[in-house]
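Q: Let me see the structure of the following:
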Amino acid sequence: MSELAKRNDDGRRAESRTEAFLLDRFWVLKLSVDLDGAVFVVQPATRSVDSLRQHTTTHSFSVVQSRSYRDGAGVEVAGSFVELPDRKPQRQFFVSIHAVDSFGVASDYFFSAEEVQSVFRRRVNPSGQEVFVFSITDERNFSQFRRKNREKASMISKALADVDLQKNQTYLNQVCEMPGSGSIRPLMIQVAENQWQMRYRDVLFEFERNENSIIYVSKSDSSGKKVIAHLLADNPLDDYEFDPLNEEWVRRPQ
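A: Numbers count the residues shown, from 1 in each chain. Model (predicted):
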C-alpha cells in the first residue's frame with residue numbers, strides 16, 4: 001500500500017470511529033471529508049415524540065473534527081475552528097484523533113478547544129494559515145486524553161447545555177463557510193504544484209497536471225490502482241469539478 005493509500009485509509013478509519021461514537025448519542029450532520037478525516041456538526045438527540053413535534057427556530061450545536069495521526073506526521077487543526085478572533089476558545093469545538101503507532105497499535109484521543117490551545121503547538125503553515133499541530137513524542141504522549149466514550153459525550157453535552165445561541169449560530173455559519181466544510185462533497189487537496197488528492201469512501205483519487213495542462217486522474221482502492229477520466233487542456237479547471245461518485249468531470253453551476 002502506498003503512503004497516500006495508507007493516509008486515505010487512516011482518514012477513513014478516523015472518520016468512521018468518530019461518526020459511530022457520535023451517532024450513538026447525538027443528532028449528527030457530516031459537513032465534509034478530506035484525506036485525513038471529517039467535520040461533524042452535533043446537536044442534542046431528541047428522546048421523545050413530543051419533542052420532535054415541537055418547532056424551534058434555533059438549536060445549539062457543537063462541531064467535532066476527526067483527524068488521523070501516524071508516527072512522523074503532525075496533525076493540523078485550523079485555528080479558525082479552535083478559537084475566537086480574541087483567541088478565546090470556541091467552547092463548542094472538539095477534536096477526535098485516531099492515532100496508529102509504528103507497531104500498528106491504535107489509540108483514540110479527544111480534546112476540547114481549550115485543551116488544543118494548551119497542548120498543541122501553534123504554528124503558521126506553508127499556506128500562511130494559523131494552525132494547531134498535534135504530534136506524539138517521547139515527552140508528550142497525551143495519555144491523559146485517551147478518553148472513554150462516556151467522558152467524551154459528557155464534554156459535548158456540557159458544551160451544548162452552556163451556549164449563547166446567537167454566538168453559537170454565528171460560529172456554525174462560519175464553519176459552514178470554511179473551505180471544504182460546506183458540503184459532504186470531498187475536498188480536493190493540493191499536495192504539490194501540479195498534484196492533488198481527494199478521498200471518497202474507501203477510494204483515493206490522485207490528480208496530476210502535465211506540461212500540456214491535461215489533468216489525469218488515477219483511482220486507488222482495494223483492487224489496486226488504475227487511470228480513469230482526464231480533463232483536457234481546453235477546459236479550465238476553475239470551470240469544472242470532479243464527481244467521485246460517477247468518476248467524471250462536471251461543469252460547475254454558474
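
Q: From the opening residue of stretch 137-145 to its closing one, how far?
A: End-to-end distance of stretch 137-145 (CA to CA, to the nearest Å): 14 Å.

Q: in it, what counts as buried?
A: 142, 145 (16 or more other CB atoms under 10 Å). Placement of C-beta: from N, CA and C, glycine included.

Q: same thing with stretch 78-98?
A: Result for stretch 78-98 [16+ other CB under 10 Å]: buried residues 78-83, 89-98.

Q: Can you give me the neighbour number for residue 190?
A: 11 (other CB atoms under 10 Å).

Q: Residue 127 versus that one, what's the distance?
A: According to CB to CB, to the nearest Å, residue 190 and residue 127 sit 9 Å apart.

Q: Could you do residue 114 as well?
A: 25 Å.

Q: Those two: which is more packed in?
A: Legend: neighbour count by other CB under 10 Å for residue 114 and residue 127, higher for residue 114 (15 against 7).

Q: SS state for the more buried one?
A: Put simply, residue 114 is helix when judged by DSSP: H, G, I helix; E, B strand; the rest coil.

Q: again with residue 69
A: Residue 69 is classified as strand under three-state DSSP.

Q: May I have the distance across stretch 145-153, first residue to last?
A: Start-to-end, stretch 145-153 (CA to CA) is 14 Å.

Q: Need the residues that contact that stretch.
A: Applying CB atoms under 8 Å, 6 or more residues apart in numbering, the external contacts of stretch 145-153 come out as 21, 24-26, 94, 96, 107-111, 115, 119, 155.

Q: Check which residues of stretch 111-121 are buried.
A: 111, 112, 113, 115, 116, 117, 120.

Q: Go through those and name the one nearest residue 211.
A: Using CB to CB, residue 120 comes nearest to residue 211 of those, at 40.2 Å.
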